[in-house]
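> After the sequence you'll find the predicted model.
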Amino acid sequence: MTPMRASATEKTLHWSVASAVLVLMATGIVMYVPWLSQVVGQRFWVRTSHVIAALLLVAILLVIPALRWSDARRLERELSFWDRFDWDWFRRPWDVFLSVYEYEEPSSTRGRFNAGQKLLAALVAVALGILLASGVPMYWWGWFGGELVQRARDLHVLASLALTALIAGHIYLAAFGPSGLLDRRSEQQTDP
């Protein structure tokens, strides 16, 4: 089984976004959980780090595609095109999490991404958009009404929880899923 090949642009985009999101998650958790906020202290610096990470994330999502437009466009096309193999992937979603899904090598006519990877990319993009849109009224709360700020905060927390669940699933499948880093079936195939 050959591993999925990612270009340097894809790797840079993935790990840059992942790093920024992990900083956002860590600082967001510290600000949201009262006892953690008390233990860590330095609320000003935690909040500042959160905002800087959000701005860096936006910059990453604008600069890397601008510098490598053809690579970014190809990646976007591959993640946006759905074929019959993708719909087959959804027929047995729990098989993927339990590592019993029969993975087929992509043929030359199929893309590199399965339906789960495509769905993850779309849901992460939506969650990040919601987080950005709801974060603006929270940061510049003086420009908005109190009710809007409270609703933005609630939406921000819900989107954060959803994104955390998506990332946890992504990490699990990257480690233990079919053709994951710790997939036991690939070890069994290489044993004599």
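Received the coordinates, thanks. Just so we're clear, the structure is a prediction, and the values are computed from it rather than from any experiment.

> from here on, contacts and neighbour counts on C-alpha atoms
Will do.

> Give me the contact list for stretch 78-85.
By CA atoms under 8 Å, 6 or more residues apart in numbering, the residues outside stretch 78-85 that reach it are Gly111, Arg112, Phe113, Asn114, Ala115, Gln117, Lys118, Ala121.

> ok, 6 Å please
Lys118 (CA atoms under 6 Å, 6 or more residues apart in numbering).

> Could you list the single helix or strand in this structure with the lowest mean pLDDT?
helix 184-190 (a mean of 52; mean pLDDT, DSSP states H and E).

> pLDDT weak spots in this protein?
Within the chain, the ranges that satisfy pLDDT under 70 run 1-4, 92-111, 177-180, 183-192.

> Spatially central residue in it, please.
Centrality entry for the chain: nearest residue to the mean C-alpha point is Val124, 4.6 Å, by CA atoms, centre = their mean.

> Quick check: it vs Leu148, distance?
Remark: distance between Val124 and Leu148 (CA to CA, to the nearest Å) = 24 Å.

> Quick one: neighbours of Pro137, just the number.
20 (other CA atoms under 10 Å).

> Adjust the sequence numbering to begin at 42 for everything that follows.
Okay, residue one is now 42; in that scheme the one you just asked about reads as Pro178.

> Contacts only, for it.
Contacts of Pro178 by CA under 6 Å, 6+ apart are Val190.

> Could you rerun that using 7 Å?
Phe185, Val190, Ala193 (CA atoms under 7 Å, 6 or more residues apart in numbering).

> Where is the longest helix in the chain?
Selection of the longest helix in the chain by residue count, based on DSSP state H, yields helix 187-217.
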